[in-house]
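1. sharing a model prediction with you, sequence too.
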Amino acid sequence: MSTSPIAADDAKGRFVVDPYLDWANGESIPIHQDFGLDLLGIETARWDRYDAKGCFAHCHGRGDFMANYVLEVEPGKRTRPVKHLYEAFIYVLTGVGTAKIWLPNGEEQLFEFGMHSLFAIPLNAEYQIFNGSGRDSVRLSVTNDAPIVMNLFHSEHFVFNNPGKFPERFGSENLFRGEGELLTLSRGTGVAQLNIWETNFVPDVTSFKLYELNERGKGSLNVSFVLADSTMHAHCSQIPTGRYKKAHRHAAGTHVHAVDGEGYSLLWHEGDSEFKEIPWRHGIMYVPPFWMFHQHFNTCSRPARYLACSLGSRRYPFISLRKKSAEGGGSTSIQNGGRQIELEDQDPRVHRRWLEEIARTGVTSDMGDSFDEPAILAIPKEKLTGVIQTPRSIGPAV
């Protein structure tokens, strides 16, 4: 047995390997990486795998398990049929079209989609996307768990040419027609129940019925989705006019899409001196890094919605933090062992910044019941600087 050291050139490529990134680099399409990305504006290029156009949209907070790519189908064209062993949720950024999915018995399931539709590709199902317009492109945001699958098996052939069938992931045909079942999950005393819609296809997340979730902020609405019996999670939330959401934090990998309305999100790590700000409009996507606080603000004259996709569904939480979220930890104050900052505990700069912004957009605050707003506006700005403090945080174990 040889005990001589391996030369550096020989060792290169044999250690610290990332099969997912190797695959992404080998697809020969643009790879965009930033804190947040405008999925409507980033460049796409010819993607042979789909016989369409595409790019990778990698945000810094995507973590180890999740990623996103944009798929663009030009007017009057279609993708080639593809299948893969990673799960994928598809949110329609622009355009109209038809999706064809082959069922395990060989039959075809077709459904039409439009802007703001959301649908899941059942695990390892063969599918094809058709652009229904002869004038406009279809652009799709595809949030997926390819990193964990590629890095676990490190075999492209196994991931893209696997003959395995998963009929339980498809459910009944009506789930591809926008129908489904509303389920409720009780989370114990003092925590609001979760409303969960099980389906495979949501025709329009801008008009889908949402339900009260005041724990995240007065007037907040929310619904969780179980799509194609997936291990991935999605939820849609709405911020009322004249209000904003409470800050919270969680695991990495949650891809947040601004669906409609206007505003911004603030992000910060405990101890930071400044906030990171992301604009809020349709097409913007960002991913809060692990344990980074983030907070969503509506500054326009109508409610604002967003869609979040992550690993760990309400049915299959997958990681302990997701299980804690399902049990209410994500909507519980950090002072009580949760991951949310209550309004009375937040940095005074947060509300001041929002009041100044809605003054520019002509929106009236509906939060005077929680803040002495004239007093906040009277504080000189030079006294509203410093390190962002989070009271009595207990760390990432919950």
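-> All right, it came through fine.

2. from here on, just use CA atoms for contacts and neighbour counts.
-> OK.

3. mind pulling the model confidence for residue 282?
-> Per-residue confidence (pLDDT) for residue 282: 96.

4. these two touch, right, it and residue 256?
-> No: taking contact to mean CA atoms under 8 Å, the distance of 11.0 Å between residue 282 and residue 256 leaves them out of contact.

5. ok now do the residue nearest to residue 142 when sequence neighbours are not counted, which residues does it touch?
-> By the measure of CA to CA, 6 or more residues apart in numbering, the closest residue to residue 142 outside its immediate chain neighbours is residue 90, 4.6 Å from it. Applying CA atoms under 8 Å, 6 or more residues apart in numbering, we find residue 90 in contact with 118-121, 140-143.

6. what do you get for residue 299?
-> By CA under 8 Å, 6+ apart, the contact set of residue 299 is 241-242, 262-264, 354, 357-358, 361, 363.

7. count of neighbours near the closest residue to it other than its chain neighbours?
-> The shortest distance from residue 299 to any residue that is not its chain neighbour, by CA to CA, 6+ apart, is 4.7 Å, and that residue is residue 263. As a burial measure, residue 263 scores 21 neighbours (other CA atoms under 10 Å).

8. how close does residue 263 sit to residue 373?
-> Distance, residue 263 to residue 373, by CA to CA, to the nearest Å: 19 Å.

9. the helices in the stretch 1-150 of the chain, which residues?
-> Read by DSSP state H, counting those that start in this stretch, the stretch 1-150 of the chain holds these helices, from start to end of the chain: 8-11, 19-26, 146-153.

10. which residues sit against the last one?
-> Contact with helix 146-153 is made by 18-21, 64-67, 85-87, 156, 159, as judged by CA under 8 Å, 6+ apart.

11. what about the closest residue to residue 121 other than its chain neighbours, neighbour count?
-> Spatially, and ignoring its direct neighbours in sequence, residue 121 is nearest to residue 88 (5.7 Å; CA to CA, 6+ apart). Counted with other CA under 10 Å, the burial measure for residue 88 works out to 27 neighbours.

12. doesn't residue 141 make contact with residue 88?
-> No: the criterion here is CA under 8 Å, and residue 88 misses it with residue 141 at 9.7 Å.

13. isn't residue 268 right up against residue 274?
-> Yes: under the criterion of CA under 8 Å, residue 268 lies in contact with residue 274, with a separation of 7.3 Å.

14. counting neighbours, go ahead and name the busier of these two.
-> Set side by side, residue 268 and residue 274 show more neighbours around residue 268, with 21 against 14, by other CA under 10 Å.

15. quick one: that one and residue 70, what's the gap?
-> Using CA to CA, one gets 27 Å for the distance from residue 268 to residue 70.

16. before we move on, what about residue 312?
-> Note on residue 312: its distance to residue 70, by CA to CA, is 22 Å.

17. which one of the helices of the stretch 1-150 of the chain lies nearest to residue 207?
-> Nearest to residue 207, of all these, is helix 146-153, at 29.7 Å by CA to CA.

18. just give me the longest helix of this structure.
-> When the chain is scanned for its longest helix (criterion: DSSP state H), the result is helix 348-361.
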